[in-house]
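[1] structure for this input, please:
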Amino acid sequence: MGRSSALRRELGWPVGARRTIIHLLNGLNSSAGHGLPQMEVPLREQAVPIHGIKVRFAGQVPKRLRVEPGGTVLSLRQEGASWVAELPPLAIHALLVAENAEGL
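    Just a heads-up that it's a prediction; the model follows:
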């Protein structure tokens, strides 16, 4: 199952700009169990993409939302009091960058 963590940091330019970076990591174990259980090293034999990951924003709506690497821009749709974006399939690692200031 995937995991995520969020980091909010102040940028130097423009002054007061804010971005939230969410790291997404696919921790799905795809090892095949070839060795003895007490000696086996957990090696990833293949990347099994995770589909249907949704991120929900409450409060301030990001002005721009993109996935890195690649710079894929995502659209947001309103669901009740929050905004939701669906990410492309996650193979191993991606960053979701939510920019919250005008002009970014």
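
[2] ok, which stretches of this structure are helices?
    Assigned by DSSP state H, the chain shows no helices.

[3] that one: strands as residue ranges?
    3-10, 18-25, 54-58, 64-68, 72-73, 77-79, 82-86, 93-99 (DSSP state E).

[4] so for the first one, mean pLDDT?
    In other words, strand 3-10. The average pLDDT within strand 3-10 is 51.

[5] follow-up on the earlier one: return the most buried member of the strands of the chain.
    Of all the strands of the chain, strand 93-99 carries the top mean neighbour count, a mean of 18, counting by mean count of other CB atoms under 10 Å. For the C-beta atoms, the positions are set from N, CA and C on the backbone; glycine is no exception.

[6] which residues are contacting it?
    If you take CB atoms under 8 Å, 6 or more residues apart in numbering as the criterion, strand 93-99 is touched by 17-26, 55, 57, 62-69, 74, 85, 87.

[7] show me what that strand pairs with in its sheet, parallel or antiparallel.
    Paired neighbours of strand 93-99 in the sheet (DSSP bridges): strand 18-25 (antiparallel), strand 64-68 (antiparallel).

[8] the ones you listed: lowest mean pLDDT?
    Of all those, strand 18-25 carries the lowest average pLDDT, namely a mean of 84.

[9] can I get the strands of the chain in TSV with distance to Gln38?
    Output for these, formatted as TSV (distance: least, CB to CB, whole Å):
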stretch	distance to Gln38
strand 3-10	26
strand 18-25	27
strand 54-58	39
strand 64-68	39
strand 72-73	43
strand 77-79	47
strand 82-86	41
strand 93-99	29
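
[10] contacting residues for the nearest residue to Ser82 once chain neighbours are set aside?
    Nearest residue to Ser82 in three dimensions, chain neighbours excluded: Ala58, at 4.5 Å (CB to CB, 6 or more residues apart in numbering). Shown in contact with Ala58 (CB under 8 Å, 6+ apart): Ala81, Ser82, Trp83.

[11] fine by me, we can end here.
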